[in-house]
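Q: Dropping a prediction and its sequence here:
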Amino acid sequence: MSAVSSSDVILATGDAPWKVAVTPFRVMDQIYYIGNVWVGAYLIDTGEGLILLDTMCAETTYLMVDAIYRLGYRPEQIRYILLSHAHIDHVGGAQMLKQLTGAKVFLSAEDDEFRHNEQALHAEAAMPADVFFRDYPYEVDCHYDDRKPIELGNVRIDTRLTPGHTPGVTTFLIHVRKEDGSEVTAAMHGGVGVLTMSDAYFAQAGIPSCLRDRFIADCEDMANLKVDVCLPSHPAHYPGDFFELSKSLHKDPDALVDYTAWRRFLTDRAAMARKLAEKKT
């Protein structure tokens, strides 16, 4: 299935979520895609429990639970739920999954504050939208500390605050340690959509426009990191056809290993933000 980002897909996510379902698949060693056509989500098997990266919309929670079972796991094996940022298409299922699994929910302190900011919420409500997603309030158990990795089993996740799309977007560098002692690294930037990086949006939300400059600087800096597999938070943002490439995984387990994808991805998103800054809109 080709990666698509359109109003029809967004509408289907809320009104007919089964239309955006994707059969779960292994992305790389111990990391599985359990998202849908529009929004990405990942299950990480650490050997000592599971880590869930993002929860998508509440309307698609049943698809995520089904995907977990299809992969041979159980929801109650999830120890940590890591949220990339506070937008509802990434956190909508957080409360249901927290109640189902008993897992600890992580979010940046910046977005934990942002999600309760009345001015910001008003700006979010005014954004162009084709569907209303059900909002279930959720509790955050832990804030990220970029100085302290999240470690479980043979997996270490370094977090990095990378604001722009929201004030508290978090980027994840996921290091999987193999039996021979070597490491494979996957990375997901938590939010690269530039729609919320316009001058107009920043003014409406009461957010300083310098966050866009920070976003660009972070993208340029992180592009130099060695990343084996680029994990898109939205498949349409991947520098290529994410789902088409995934079709080759049954023949080539390393089909998504691309040492240039992460750099190309961040370079492209930084250029989009820079162009937006030049327009001053």
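A: Perfect, I can see it now.
Q: Pull the number of nearby residues for the residue nearest to A261 when sequence neighbours are not counted.
A: Spatial nearest neighbour of A261, chain neighbours left out: C230 (4.1 Å); criterion: C-beta to C-beta, 6 or more residues apart in numbering. Glycine gets a C-beta too; all of them are placed from N, C-alpha and C. When neighbours are defined as other C-beta atoms under 10 Å, C230 has 26 of them.
Q: quick one: C230 from A271, how far?
A: Counting by C-beta to C-beta, to the nearest Å, the separation of C230 from A271 is 16 Å.
Q: Walking through the stretch 151-281 of the chain, point out its helices one by one.
A: Secondary structure of the stretch 151-281 of the chain (DSSP state H, counting those that start in this stretch): helices located at 199-205, 210-222, 242-246, 261-279.
Q: quick one on the thing from earlier: the residue nearest to A261 and D258 touch, don't they?
A: Yes: between C230 and D258 there is a contact under C-beta atoms under 8 Å: 6.8 Å.
Q: where are the low-confidence patches of the stretch 101-250 of the chain?
A: Along the stretch 101-250 of the chain, segments meeting pLDDT under 70 span 125-131.
Q: Starting from the helix or strand hosting V105, tell me which strands it pairs with and how they run.
A: Counting by DSSP states H and E, the element that carries V105 is strand 104-107. Applying DSSP bridges, strand 104-107 is found paired with strand 78-82 (parallel), strand 142-143 (parallel).
Q: then the longest one to PDB, C-alphas only?
A: Presented in PDB, the C-alpha positions along strand 78-82 are these (Å, rounded to 0.1, in the frame of the first residue of the first chain):
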ATOM      1  CA  ILE A  78       3.900  -3.200  27.100                       C
ATOM      2  CA  ARG A  79       5.900  -1.600  29.800                       C
ATOM      3  CA  TYR A  80       6.300   1.900  28.400                       C
ATOM      4  CA  ILE A  81       4.200   4.100  26.100                       C
ATOM      5  CA  LEU A  82       6.400   6.800  24.600                       C
END
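Q: Could you point out the helix or strand that follows it?
A: helix 88-91.
Q: Can you name every helix or strand that the next helix or strand after that next one contacts?
A: Counting by DSSP H and E, the element after helix 88-91 in chain order, helix or strand, is helix 94-101. Secondary-structure packing of helix 94-101 (3 or more C-beta pairs under 8 Å, 6 or more residues apart in numbering; DSSP states H and E): helix 61-70, strand 78-82.
Q: Nearest to G168, out of the ones you listed?
A: strand 78-82 (12.7 Å; C-beta to C-beta).
Q: Next, the angle helix 94-101 makes with the closest one.
A: 170 degrees (axes from the mean of the first three to the mean of the last three C-alpha atoms, to 10 degrees).
Q: If I look at K279, what pLDDT would I see?
A: The model reports K279 with a pLDDT of 79.
Q: how close does it get to M272?
A: In terms of C-beta to C-beta, K279 sits 11 Å off from M272.
Q: For those two, work out which one has more neighbours and name it.
A: M272 (16 against 8).
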